[in-house]
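Enquirer: Predicted coordinates and the sequence they were generated for:
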Amino acid sequence: MAVLLAGALLFFLLDVPAAYARCWEQWRQIQQMKQSNAEMARQIQEQWERLRRLQEDPSEQELYLRQRQKRVRPGEKIFVLPSEPTH
C-alpha cells in the first residue's frame, strides 16, 4: 500500500508542473487569438463601412475611381511628370 501511495505521490509531483505549463501556454495562445480576432473584426468593420460609403456617396465613388482605378472625367488632361532620379 505504501508503494502504491508513493507511486501516486511521485506521479502527482512530476505531472503537476508540466500540466500547469501546458495550461499556461494554452491560456497564452487563447489570449493571442482573442487579440487577433478583435483586430480582424475591427478591419472587417472598417471594410464594411468603406463599402457602405462607396455605395451611398457619389463623391466617395469618384474619389475611389480617380485614385485606385486611375480614371478621369471626359475632357480632362493628365500630366505625368517624370520621377526624380535617385542617387
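Expert: Yep, it's here.

Enquirer: what helix or strand does Glu25 sit in?
Expert: Assigned by DSSP states H and E, Glu25 belongs to helix 2-56.

Enquirer: can you give me the mean pLDDT across that helix?
Expert: On average, the pLDDT along helix 2-56 is 89.

Enquirer: elements contacting it?
Expert: Packing contacts for helix 2-56, counted by 3 or more C-beta pairs under 8 Å, 6 or more residues apart in numbering; DSSP states H and E, involve helix 58-67. Quick note: C-beta positions are derived from backbone N, CA and C, even for glycine.

Enquirer: Around Met33, how many other residues sit close by?
Expert: Residues within reach of Met33, counting by other C-beta atoms under 10 Å, total 10.

Enquirer: residue contacts, it?
Expert: For Met33, the contact set (C-beta atoms under 8 Å, 6 or more residues apart in numbering) is empty.

Enquirer: measure it to Trp27 for me?
Expert: Per C-beta to C-beta, to the nearest Å, Met33 is found 11 Å from Trp27.

Enquirer: Then Pro17?
Expert: Applying C-beta to C-beta, one obtains 15 Å for the distance of Pro17 from Trp27.

Enquirer: go on, Lys34?
Expert: Taking C-beta to C-beta as the criterion, Lys34 is separated from Trp27 by 11 Å.

Enquirer: Taking helix 58-67 as reference, get the angle to the helix holding Glu25.
Expert: Orientation check (axes from the mean of the first three to the mean of the last three C-alpha atoms, to 10 degrees): helix 2-56 against helix 58-67 gives 100 degrees.

Enquirer: residues near Leu9, how many?
Expert: Burial of Leu9 is recorded as 10 neighbouring residues (other C-beta under 10 Å).

Enquirer: and it, what does it touch?
Expert: Neighbour list for Leu9: empty [criterion: C-beta under 8 Å, 6+ apart].

Enquirer: gap between it and Gln31?
Expert: Taken as C-beta to C-beta, the span from Leu9 to Gln31 is 33 Å.
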